[in-house]
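Visitor: Sequence first, predicted coordinates after that:
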Amino acid sequence: MEKEIKPPFVKPIKIDKVNIIGGFAANNALAGENVRVIYKGFFHSDQKEFYEYMEQLSNIYLNRFLVNRIHNFLILIHPDLTADLYINEVPILLKIISKRDILTQELVTTNDIADITELCFEDYVDIKENYNLIFCFKVGWKFGLYFNFHNTTNPHYPLDLQKLWKEFGYYYKFLLFQKEYSILQNELLFEEMFKDGWFPFIRLLGGDFRKLAKIYENKFDFENSINNFIDNFNVDKIKSIINSWWRKQTIKDKEAIIKAGINAYLQNNQDGYINCIKNLYSEIEGIIRKSYTKEKNKNPSMKDLMDYFEEKAKNKFVSIKSLGFPSEFYRYLKDVFFKDFNLLTNECSLSRHTTSHGVAKPEDYTKIKALQSILILDQIVFSIF
């Protein structure tokens, strides 16, 4: 009989006595004046506060260790003021939503992650609701620091551990995908990409969206750079995107039609891009419409369809500030995909409405728009089903 292989048990370093800490002062104050206290917070290594708090915490808890060799630690402070300290071997578990099928013990990369919903620890790390804790972790070349002295200041309101795991998941995700979040926060950059039909589509997370943003930031040889970016989506990459679609019955029912649009794109010529867009734009609306009607048992308005998508996406991506960006994608559907037109003012940019009513301009049926139609459909499939 084969012996079961279990992960090694990491024993904490025991600390017999620690001082009572209520948090950090948020303002200067003379004796007798009121002081606001930060008893809970997350800070990362791009913030100056990170270093101020880390230095003080290190002097208290880590002064007998070589700090230069520490890249993560977890400190659990018990009500009796003893503590458990894990250094460099914090047994972290991430709960993710994957873009693809993953087998047990298979390597998972950043490109496989559609969202991170939780970060928690192995079961043998004993965390109680009445503990205070300090957690420092490293993602790439950045650090995150979380502290919570809640049970010193509010002992009658213990920690909500399930909520804490979701918060940790967001903090880790924020550092891992900080570039994506910063692009969305850069209004000028993101709006320019948005106007051109780009979005942090799930399939672009983990590298491609960053490359795309860099093209827009640098503007060096822009047209060739964009074309090279698009050309990376070859036959194998497109097939890797669509392979899982057919498991969803609503999509399976439309497989022959949708594959005709995909095959048109892979022809890699103008005729193919036109046929791809004409095909997929109508199927995207049809998929949302069929799913809505089946679930709600009524005929939807256009606003109903968009509200329905946002509702489904938020239920799918339940994590804090999800990488599915459901609210932002709602705006994308409204302002880009379902954008209305006005023939009198010649406002007829490519959209579901201009393609279906026959008023879209021939020059707008580009390879870029055809690829975006595939990415939009993928976002819909991933978010609704």
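Guide: Structure's in. What do you need?
Visitor: show me the contacts for residue 314.
Guide: Contact analysis of residue 314 by CB atoms under 8 Å, 6 or more residues apart in numbering lists 322, 326, 327. C-beta here means a position set from N, CA and C on the backbone, and glycine is covered the same way.
Visitor: in which helix or strand would I find the residue nearest to residue 13 when sequence neighbours are not counted?
Guide: Leaving aside its sequence neighbours, residue 13 sits nearest to residue 85 (CB to CB, 6 or more residues apart in numbering; 4.3 Å). Using DSSP states H and E, residue 85 falls within strand 83-87.
Visitor: mind listing what's buried in the following helix or strand past that strand?
Guide: Downstream of strand 83-87, the next assigned helix or strand under DSSP H and E is strand 92-98. Residues 92, 94, 96, 97 are the ones in strand 92-98 that count as buried (16 or more other CB atoms under 10 Å).
Visitor: Test my guess that the second one contacts residue 170.
Guide: No: with contact defined as CB atoms under 8 Å, residue 94 does not count as touching residue 170 (11.7 Å).
Visitor: overlap in contacts of those two?
Guide: The overlap between the contact sets of residue 94 and residue 170 (CB under 8 Å, 6+ apart) consists of residue 116.
Visitor: out of everything not next to it in sequence, what's closest to the spatially most central residue of the chain?
Guide: The centroid of the chain falls nearest to residue 323 when counting by CA atoms, centre = their mean (2.2 Å). Sequence neighbours aside, residue 115 is the residue nearest to residue 323 in space, at 4.5 Å (criterion: CB to CB, 6+ apart).
Visitor: per-residue pLDDT, that neighbour?
Guide: At residue 115, the model reports a pLDDT of 95.
Visitor: What strands flank the helix or strand hosting it, and is each parallel or antiparallel?
Guide: Element membership of residue 115 [criterion: DSSP H and E] is strand 113-121. Within its sheet, and counting by DSSP bridges, strand 113-121 is paired with strand 92-98 (antiparallel).
Visitor: Hmm, residue 112 and residue 99 touching each other?
Guide: Yes: using CB under 8 Å, residue 99 is in contact with residue 112, at 5.6 Å.
Visitor: The two: which is more packed in?
Guide: residue 99 (20 against 17; other CB atoms under 10 Å).
Visitor: The closest residue to the more buried one other than its chain neighbours and residue 323: what is the separation?
Guide: Nearest non-adjacent residue to residue 99, counting by CB to CB, 6+ apart: residue 114, 4.8 Å away. Distance, residue 114 to residue 323, using CB to CB, to the nearest Å: 6 Å.
Visitor: Would you mind measuring from the closest residue to residue 227 other than its chain neighbours to residue 279?
Guide: Distances taken as CB to CB, 6+ apart place residue 367 nearest to residue 227, at 7.9 Å, with adjacent residues excluded. According to CB to CB, residue 367 and residue 279 sit 15 Å apart.
Visitor: Mind checking which of these two has more residues around it?
Guide: Between residue 367 and residue 279, counted using other CB under 10 Å, residue 279 has the larger neighbour count: 22 against 19.
Visitor: List the buried residues in stretch 272-286.
Guide: 272-281, 283-285.
Visitor: Buried residues, stretch 334-351. List them.
Guide: By neighbour count on 16+ other CB under 10 Å, the buried set for stretch 334-351 is 336, 337, 338, 339, 341, 348, 349, 350, 351.
Visitor: got a list of contacts for that stretch?
Guide: Contacts to stretch 334-351, defined as CB under 8 Å, 6+ apart, come from residues 194, 197, 199, 277, 281, 284-285, 302, 306, 352-354, 357, 359-361, 364-365, 369, 376.
Visitor: PyMOL command for the buried members of these?
Guide: Only the buried members of the contacts of stretch 334-351 enter the following PyMOL selection, criterion being 16+ other CB under 10 Å:
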select buried, resi 194+197+199+277+281+284+285+302+306+352+353+354+360+364+365+369+376
